[in-house]
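J.: got a sequence here, can you model it:
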Amino acid sequence: MDLDIAAALIAVAEAMRPARDPWWIIGSAAVVLLGGATSVADIDVLTSRRDAEALVLWLGLTVAAPDRHPQFRSRLFARWQRADRDVEIMGELRLADGPAWQSMTPRTRQARPVATSTVYVPGRAEMIAILTRFGRDKDRERAHILECTGAPG
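T.: As a prediction, the model looks like this:
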């Protein structure tokens with residue numbers, strides 16, 4: 001794993017230590033944590049709205065304007081700009097299900113060590129399903145990477 005990615009993940013683990021609800025790393029960083037090889041432009045943190053609000057306050061971040069993405073959006077979204085990797089904080093991620101929006105909360109949660117810290121990811125099969133459901137080309141590519149690696153998780 002790239003040292004910049006590891007440093008950012010360690011910072012996320014430290015920032016999420018007071019979290020009251022489960023949280024996960026998803027997206028490309030989760031693919032890497034689950035044994036896949038892909039580029040990681042930023043780190044996506046999925047958490048509850050209340051933990052996202054507390055994190056934004058603690059880090060002194062600005063909440064982004066509501067996203068109008070046609071497939072997914074968060075009730076609260078903020079970007080933690082770091083020198084090593086930006087961290088995108090998604091409080092209560094929702095996915096489009098026809099005309100309705102459904103909360104997307106993973107059912108699986110696996111601990112992954114990063115140096116002396118711990119971060120959490122959905123299980124590999126669930127991460128594949130999440131990426132597939134996102135439906136973008138880059139997400140389908142990452143799902144395929146996880147399907148082909150046979151990495152544990």
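J.: from here on, just use CA atoms for contacts and neighbour counts.
T.: Fine.
J.: could you find the closest non-adjacent residue to A15?
T.: Leaving out its chain neighbours, the residue that sits closest to A15 by Cα to Cα, 6 or more residues apart in numbering is L55, at 7.1 Å.
J.: pretty sure that neighbour contacts M16?
T.: Yes - in this structure, L55 is within contact of M16 by Cα atoms under 8 Å, at 7.4 Å.
J.: quick check: closest non-adjacent residue to H144.
T.: Distance criterion Cα to Cα, 6+ apart; nearest residue to H144, sequence neighbours excluded, is I128 at 7.7 Å.
J.: what's the neighbour count on that neighbour?
T.: 23 (other Cα atoms under 10 Å).
J.: now do the phi/psi pair for G135.
T.: Backbone torsions for G135, taken as degrees, to the nearest 10, come to phi 80, psi -10.
J.: buried ones in the longest strand that the chain contains, by neighbour count?
T.: If you go by DSSP state E, the chain has its longest strand at strand 86-97. Within strand 86-97, the residues that qualify as buried are D86, V87, E88, I89, M90, G91, E92, L93, R94, L95, A96, counting by 16 or more other Cα atoms under 10 Å.
J.: just the strands in the chain please.
T.: Taking DSSP E to define them, one finds strands in the chain at 24-26, 42-47, 72-80, 86-97, 100-103, 110-114, 117-121.
J.: go through those strands and find the least confident stretch.
T.: Of all those, mean pLDDT reaches its minimum on strand 100-103 (a mean of 84).
J.: any idea how far that strand is from the middle of the chain?
T.: Taking Cα atoms, centre = their mean, to the nearest Å, one finds strand 100-103 lying 18 Å from the centre of the chain it belongs to.
J.: mind listing what the nearest residue to I10 once chain neighbours are set aside touches?
T.: Once flanking residues are discounted, I10 sits nearest to S117: 5.9 Å by Cα to Cα, 6+ apart. Neighbour list for S117: I10, A13, E14 [criterion: Cα atoms under 8 Å, 6 or more residues apart in numbering].
J.: how close does the closest residue to E147 other than its chain neighbours get to G91?
T.: Spatial nearest neighbour of E147, excluding adjacent residues (Cα to Cα, 6+ apart): I128 at 7.3 Å. Distance of I128 to G91, computed by Cα to Cα, to the nearest Å: 21 Å.
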